[in-house]
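> Output the structure for:
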Amino acid sequence: MERTVEQAEGLNNVEVLARYLNLNMPDLSDLSRVNLEEIAKSVVFQRLVRKLDFEVSVAGIDDETEVKTFLENTSRNRSTATYNTYTCELKKLTVYCCEVKTSLIEFTPMHADNYIIRLIAKGYSSASVALSVVAASSFCNFMERRHYDGVNIKFRNPFRGTRVKLKVRPTRPLVIPTAEEVRHIIKNLPPRQAIMVALMSGLGLTYGAFNTLVIAGNNFSCCTKGKEFSGTIPNDLLKFLTRYLKSQKLFGRMSVNAVKKSVESHMNRLFKKGEIRAHYYCHAFRHFFALTEYGKDNDIWRVSRLLNHTSIASTEKYLRGLDGLR
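Below you'll find the model as predicted:
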């Protein structure tokens with residue numbers, strides 16, 4: 001025999017009550033016109049409450065001020081490249097907001113997906129679209145933390161969990177120069193580019209570190225990937241550098257991209273002449289350094305410190321990707 005709602009409630013059993021309501025919930029076709037109108041009013045009312053609640057939560061939040069604060073926070077790590085990249089990407093996102101007549105604060109997961117689809121349709125590469133998403137998501141994470149009052153999250157990152165798939169292009173195989181090739185490259189480059197390759201292959205520096213690099217005696221210091229980095233220059237490398245350093249500024253005001261292009265253009269020249277077996281990119285010399293140092297004693301902790309990695313996991317991944325981890 002079926003129990004009435006009152007009987008189910010009388011049992012003081014939530015599971016029984018829930019099961020009863022699930023089995024006896026009327027379909028819309030069973031309801032009268034008056035009942036349907038009441039339900040419709042209730043749905044509209046609930047939506048208006050949610051919308052008003054959102055408007056109250058974000059009232060007073062200014063998009064431009066939030067972006068400025070975010071970028072100021074980003075620049076604290078002294079990474080000019082990161083600051084410029086985030087500035088460019090957030091401008092791109094702001095333009096999209098104007099096109100669809102919304103604001104960053106009102107961005108929804110649907111807006112986020114449509115933004116990614118728009119970038120793909122405009123012909124941006126997968127790497128460029130991924131960079132745009134990272135910058136936008138980073139800003140949204142900042143907003144989410146900034147406007148959490150300990151009870152309610154006023155803003156959620158709409159880019160989190162996006163289902164838009166990017167077309168992944170096959171990655172270019174990484175080729176590492178041999179020690180003999182490194183010596184030949186340094187010998188056949190102009191002084192400035194020769195120093196760059198010597199520092200990347202001899203200290204494991206990234207090309208982004210050169211415009212902050214300071215050498216004093218046998219010590220060096222720089223800022224790479226937003227982190228301070230310093231160490232001692234090996235004697236053989238120091239002897240080579242002293243032939244060119246003297247007292248002049250090492251790289252002047254060269255931008256990060258200028259450093260990269262100046263080295264890689266010479267790599268292309270040597271490759272076309274058949275003097276090296278591949279057109280080596282700047283990062284290949286840092287990989288060369290990592291493998292060379294690890295091959296000396298298989299001490300991954302020492303290599304991690306030399307590479308200025310934040311965690312040993314980064315170094316493990318780094319060497320495993322080079323098939324150098326034993």
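> Please count neighbours and contacts with C-alpha atoms only from this point.
Will do.
> Low-confidence bits of the stretch 51-200 of the chain, can you list those?
For the stretch 51-200 of the chain, applying pLDDT under 70 flags the ranges 51-61, 74-79, 149-154, 167-172.
> Show me the strands in it, by range?
Using DSSP state E, counting those that start in this stretch, no strands are found in the stretch 51-200 of the chain.
> ok, the most centrally placed residue in the chain to residue 85 distance?
The chain has residue 134 as the residue nearest its centroid, 4.8 Å off, counting by C-alpha atoms, centre = their mean. Separation of residue 134 from residue 85 (C-alpha to C-alpha, to the nearest Å): 11 Å.
> tell me the contacts of the nearest residue to residue 87 once chain neighbours are set aside?
Once flanking residues are discounted, residue 87 sits nearest to residue 71: 7.0 Å by C-alpha to C-alpha, 6 or more residues apart in numbering. Applying C-alpha atoms under 8 Å, 6 or more residues apart in numbering, we find residue 71 in contact with 83, 86, 87.
> Format those as TSV; extra columns: distance to residue 181 and neighbour count.
Below are those laid out as TSV (distance: C-alpha to C-alpha, whole Å; neighbours: other C-alpha atoms under 10 Å):
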residue	distance to residue 181	neighbour count
83	36	18
86	37	24
87	39	18
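> Among those residues, which lie within helices?
Counting by DSSP state H, the contacts of residue 71 place 83, 86, 87 in helices.
> Would you tell me which one of these comes nearest to residue 214?
Closest approach between the ones in helices among the contacts of residue 71 and residue 214, by C-alpha to C-alpha: residue 83, at 21.8 Å.
> Can you give me the distance of that closest one to residue 211?
According to C-alpha to C-alpha, residue 83 stands 15 Å off from residue 211.
> ok, so of the ones in helices among the contacts of residue 71, who is nearest residue 233?
Checking the ones in helices among the contacts of residue 71 against residue 233 by C-alpha to C-alpha gives residue 83 as the nearest, at 29.7 Å.
> if I look at that closest one, how far off is residue 89?
Distance, residue 83 to residue 89, using C-alpha to C-alpha: 10 Å.
> ok, now residue 112?
In terms of C-alpha to C-alpha, residue 112 sits 14 Å off from residue 89.
> Also residue 274?
Distance from residue 274 to residue 89, by C-alpha to C-alpha: 40 Å.
> and residue 215, that's in a helix?
No. Per DSSP: H, G, I helix; E, B strand; the rest coil, residue 215 lies outside any helix segment and is strand.
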